[in-house]
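*Asks:* I need the structure of the sequence given here:
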Amino acid sequence: MPKIEDMKRIDLPEQQPAGANPTALPWWKRLPNPNKKLMFGTGGGVAIFLIVLVLAIAIPLVAIRASAQKVINSGKELQKAASDQNLPQIKSSIEKTKKDLQALDISLKTLIWVKPIPFLGGYWNDVHHGVQGGLAGLDAADTLVKTVEPYSDILGLNGANQPQDGAQTAEDRLNFIVETIDGIIPQMGTIGKNSSKMSEELSKINPNRYPEYFAGKPVRSKIRKTIDEANRAHRLLTDGKPVLEQLPYLLGINGERTFLFLWQNDKELRPTGGFITAYSIIKVKDGKFEPVVSNDIYFLDNQFKSKIPAPEPIKKYLPLVPYWNLRDMNLSPDFKVSMDTFNENYSSMKSAQKIDGIISVDTYPLIGLLEVMGQLGVPGYGNYSAETDSRCNCPNVIYELESYADVAGPIVWDDISGKIVYKPPHADNRKGFLGPLMNTLIANAMGQPKEKLADLFEVGWNSLNEKHVMFYATDEKVQTAMESFNLAGRLREYDGDYLTINDTNFAGAKSNLYVEHEIDLTVDEGKDGTTNTLVVKYKNPQKYDGWLNGPFRDWVRVYVPQGSKLIDSTGSEVPVTTYEEAGKTVFEGFFTLRPLGVTELHFKYKTPVKGKDYKILVQKQSGTTGHQVNLKVGKNKEEFKLTTDREVKF
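*Replies:* Next up, the predicted model:
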């Protein structure tokens with residue numbers, strides 16, 4: 001074994017600090033660091049990518065914004081032309097707006113690559129659907145304008161090419177409608193197809209993607225309102241086609257028609273719009289109306305010999321009326337159900353004329369016509385106007401009609417002899433007044449100068465849309481057509497939340513001339529349905545006068561979704577009862593509102609309504625002018641006048 005001193009000395013190099021010499025590091029530490037390089041590369045790459053992305057979006061946005069502003073400007077011009085009812089300007093504005101929308105569509109396609117990108121793609125899709133819906137809507141409007149252009153003089157549109165005096169062309173207008181009505185129907189298919197696409201495209205826009213307000217201006221509610229109006233326009237155009245198809249029948253073009261008119265006094269509100277105060281038989285042939293007979297409803301009731309026991313509500317709230325008279329047979333808020341009952345009993349009378357349908361009319365069309373035409377002179381009866389009469393704080397014509405109707409009560413007949421026991425003042429005037437009034441109205445309306453025709457057309461349209469005029473037909477096809485256009489006063493089926501409040505004035509004078517309504521509905525959504533709190537406020541601001549204004553004795557029914565459960569209620573003078581009717585759950589009560597008084601009804605109830613998105617249909621009672629409705633669903637709010645049936649979606 002060698003000695004230590006004999007061993008060879010090995011000199012080692014001087015040790016350097018770790019990292020000073022890369023070759024001194026372990027091999028695994030001497031490998032390249034990809035993370036370090038990539039980290040620097042990613043940071044720069046992200047910055048560059050973001051810059052490119054911003055530029056790729058911003059540059060096309062400049063062109064898109066410019067195109068969008070042109071669309072806004074041309075849209076405003078179209079809106080003004082429509083408001084001015086200037087037909088030539090409407091046509092040119094439609095064409096200009098369409099070209100500007102097409103230019104916007106081209107500009108928008110430069111950003112089509114953002115469509116699959118989360119967040120950005122949603123906004124691009126909304127604008128795209130808005131543009132496509134707008135183009136389809138303009139196509140529908142273009143066809144509609146071309147369809148109504150031949151009737152521009154009749155509709156009172158500016159720019160029409162028929163300058164003749166209204167009185168000279170009244171018969172020509174009527175004959176023209178009769179002769180050409182069949183030509184409108186084929187065009188409705190094209191219009192409906194385009195309006196369907198418009199509605200479909202706009203419904204794909206998500207309003208919840210946008211803020212409630214921006215720069216102090218409403219955004220989300222405006223988008224939602226635009227979508228709702230487009231959907232209503234589509235339903236109007238498509239649902240109107242069946243009615244147009246039945247116009248030849250209604251106008252007596254294919255044979256004479258006979259209609260029973262029921263005049264409902266909405267100042268004494270009843271379930272279908274008012275107390276049936278009078279009736280008229282009118283024949284229609286080739287669009288020309290011929291009044292046959294007009295009379296007081298009590299005269300008709302005297303000829304109705306059947307002694308049907310009064311139904312429970314009449315026995316309970318009109319105890320002095322033992323039988324069910326024709327004048328009280330509109331107890332169902334569904335006009336068809338009420339008229340089925342009325343027509344069945346009317347037709348059983350020996351003196352009844354065979355009719356093709358029943359048309360109900362309340363006082364608002366009359367007031368609207370007088371507001372347009374001015375004071376109307378009825379030969380042998382005097383002058384009537386829509387001006388406020390200080391004697392009742394109501395339109396003059398309403399005061400005079402109520403004076404003719406029953407200042408001293410109805411005619412009293414002896415049930416055995418059939419002779420009159422008591423005849424109040426104005427009784428003869430009342431039954432003789434309707435015929436001359438109708439003839440005068442029709443003659444004056446058809447003979448109005450062209451500049452008033454648009455306003456008259458608007459009165460007629462509003463009367464139909466707001467259920468001041470309703471139709472019941474004995475022909476099934478005609479009835480179906482009326483129902484499709486919501487002209488038949490039906491309680492509608494609906495797959496969401498639902499509300500209609502039906503008031504019945506039982507012996508409460510004509511207090512509905514003054515009673516005001518306000519409806520507050522608060523909805524809390526839950527997994528197993530909604531909890532609704534309904535408050536209905538009634539106010540009578542007018543003093544008692546012993547004639548028009550008195551205690552309002554209201555048999556009230558609240559219709560809600562079928563299967564709803566009442567949790568609590570206050571305000572009714574009788575226990576609130578719950579039952580099922582017309583596919584709805586009904587809460588029924590009764591209260592009295594005195595002149596200068598205020599009262600409230602409260603209902604808290606649970607509904608079975610479920611779903612991701614909340615929606616409600618609020619139906620208006622015929623004969624009312626527009627209750628104030630305040631709807632609150634979670635954080636969403638909607639306030640509106642209930643002038644017609646209203647659907648709200650959140």
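*Asks:* Kindly check the end-to-end length of stretch 346-358 for me.
*Replies:* With Cα to Cα, to the nearest Å applied, stretch 346-358 spans 11 Å between its terminal residues.
*Asks:* Give me the buried stretch members for it, please.
*Replies:* Residues of stretch 346-358 classed as buried: 346, 352, 355, 356, 357, 358 (neighbour count, 16 or more other Cβ atoms under 10 Å). From N, CA and C alone the C-beta is placed, and that goes for glycine too.
*Asks:* just the residues you listed: which has the poorest pLDDT?
*Replies:* Checked by pLDDT, the buried residues of stretch 346-358 have residue 352 as the lowest-scoring entry (92).
*Asks:* Poorly predicted segments of the stretch 151-300 of the chain, please.
*Replies:* Counting by pLDDT under 70, the low-confidence segments of the stretch 151-300 of the chain come to 153-174.
*Asks:* That one: strands as residue ranges?
*Replies:* 213-214, 217-218, 257-265, 275-285, 288-296 (DSSP state E, counting those that start in this stretch).
*Asks:* Highest mean neighbour count across those, which stretch is it?
*Replies:* Highest mean neighbour count among the strands of the stretch 151-300 of the chain (mean count of other Cβ atoms under 10 Å): strand 257-265, with a mean of 22.
*Asks:* what lines up beside it in the sheet?
*Replies:* In its sheet, strand 257-265 lies beside strand 275-285 (antiparallel), strand 357-361 (parallel), with partners assigned from DSSP bridges.
*Asks:* following the shortest one, which helix or strand comes up?
*Replies:* In other words, strand 357-361. Using DSSP states H and E, the helix or strand that directly follows strand 357-361 along the chain is helix 364-373.
*Asks:* and the helix or strand following that following helix, what other elements does it pack with?
*Replies:* Tracing the chain past helix 364-373, the next element assigned as helix or strand by DSSP H and E is strand 376-378. With contacts taken as 3 or more Cβ pairs under 8 Å, 6 or more residues apart in numbering; DSSP states H and E, strand 376-378 sits against strand 382-384, helix 427-446.
*Asks:* Mind telling me which of those the model trusts least?
*Replies:* helix 427-446 (a mean of 71).
*Asks:* hey, which helix or strand in the chain has the poorest pLDDT?
*Replies:* For the chain, the helix or strand with the lowest mean confidence is strand 412-413, at a mean of 54 (criterion: mean pLDDT, DSSP states H and E).
*Asks:* which residues touch stretch 519-534?
*Replies:* Residues lying outside stretch 519-534 but in contact with it, judged by Cβ atoms under 8 Å, 6 or more residues apart in numbering, are 497, 499, 501, 535-537, 558, 560, 564, 567, 601-610, 614, 616, 627-634, 642.
*Asks:* Now restrict the residues you listed to buried residues only.
*Replies:* By neighbour count, with 16+ other Cβ under 10 Å, the contacts of stretch 519-534 hold 497, 499, 501, 535-537, 558, 560, 564, 601, 603, 605-607, 609, 614, 616, 627, 629, 631, 633, 642 as buried.
*Asks:* For residue 633, give the beta-bridge partners.
*Replies:* The residues listed as beta-bridge partners of residue 633 by DSSP bridges are residue 523, residue 636.
*Asks:* List the contacts of it.
*Replies:* So, once contact is read as Cβ under 8 Å, 6+ apart, residue 633 ends up touching 522, 523, 525, 614, 650.
*Asks:* could I get those residues as CSV with distance to residue 78 and pLDDT?
*Replies:* Listed next are those as CSV, based on distance: Cβ to Cβ, whole Å; pLDDT from 0 to 100:
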residue, distance to residue 78, pLDDT
522, 39, 98
523, 37, 97
525, 39, 94
614, 33, 93
650, 29, 84
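*Asks:* Report the mean confidence score over the helix or strand harbouring residue 135.
*Replies:* Using DSSP H and E, residue 135 maps to helix 120-148. Per-residue pLDDT values over helix 120-148 give a mean of 89.
*Asks:* Could you list the buried residues of that helix?
*Replies:* Quick answer for helix 120-148 (16+ other Cβ under 10 Å): 124-145, 147.
*Asks:* now do stretch 362-376
*Replies:* For stretch 362-376, the buried set under the neighbour-count rule, 16+ other Cβ under 10 Å, comprises 362, 363, 364, 365, 366, 367, 368, 369, 370, 372, 373, 376.
*Asks:* pLDDT value on the residue nearest to the fourth one when sequence neighbours are not counted, please?
*Replies:* For residue 365, the nearest residue in space outside its immediate sequence neighbours is residue 463; the separation is 4.3 Å by Cβ to Cβ, 6 or more residues apart in numbering. Residue 463 is assigned 95 on the pLDDT scale.
*Asks:* Residue 623 versus residue 463, what's the distance?
*Replies:* 12 Å (Cβ to Cβ, to the nearest Å).
*Asks:* Looking at the two, which has the bigger crowd around it?
*Replies:* Higher neighbour count among residue 463 and residue 623: residue 623, with 28 against 19, using other Cβ atoms under 10 Å.
*Asks:* How much space separates that one from residue 533?
*Replies:* Relative to residue 533, residue 623 is positioned 27 Å away (criterion: Cβ to Cβ).
*Asks:* Run a quick neighbour tally on the closest residue to residue 632 other than its chain neighbours.
*Replies:* Ranked by Cβ to Cβ, 6+ apart and with sequence neighbours excluded, the top spatial neighbour of residue 632 is residue 522, at 4.7 Å. The criterion is other Cβ under 10 Å. On that basis, residue 522 has 16 neighbouring residues.
*Asks:* Tell me the spacing between residue 522 and residue 218.
*Replies:* 21 Å.
*Asks:* how is the protein carved up into domains?
*Replies:* Domain assignment of the chain by automatic domain parsing yields the ranges 57-241, 257-484, 497-649.
*Asks:* Compare those domains and give me the one nearest residue 250.
*Replies:* When the domains of the chain are ranked by distance to residue 250, counting by Cβ to Cβ, first place goes to domain 257-484 at 6.8 Å.
*Asks:* Let's have the strands of the stretch 151-300 of the chain in JSON lines, adding distance to residue 541.
*Replies:* Written out in JSON lines, the entries for the strands of the stretch 151-300 of the chain read as follows (distance: least, Cβ to Cβ, whole Å):
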{"stretch": "strand 213-214", "distance to residue 541": "35"}
{"stretch": "strand 217-218", "distance to residue 541": "32"}
{"stretch": "strand 257-265", "distance to residue 541": "21"}
{"stretch": "strand 275-285", "distance to residue 541": "22"}
{"stretch": "strand 288-296", "distance to residue 541": "31"}
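*Asks:* So which of those strands is nearest residue 385?
*Replies:* Each of the strands of the stretch 151-300 of the chain has some distance to residue 385 by Cβ to Cβ; the shortest is strand 257-265, at 19.0 Å.
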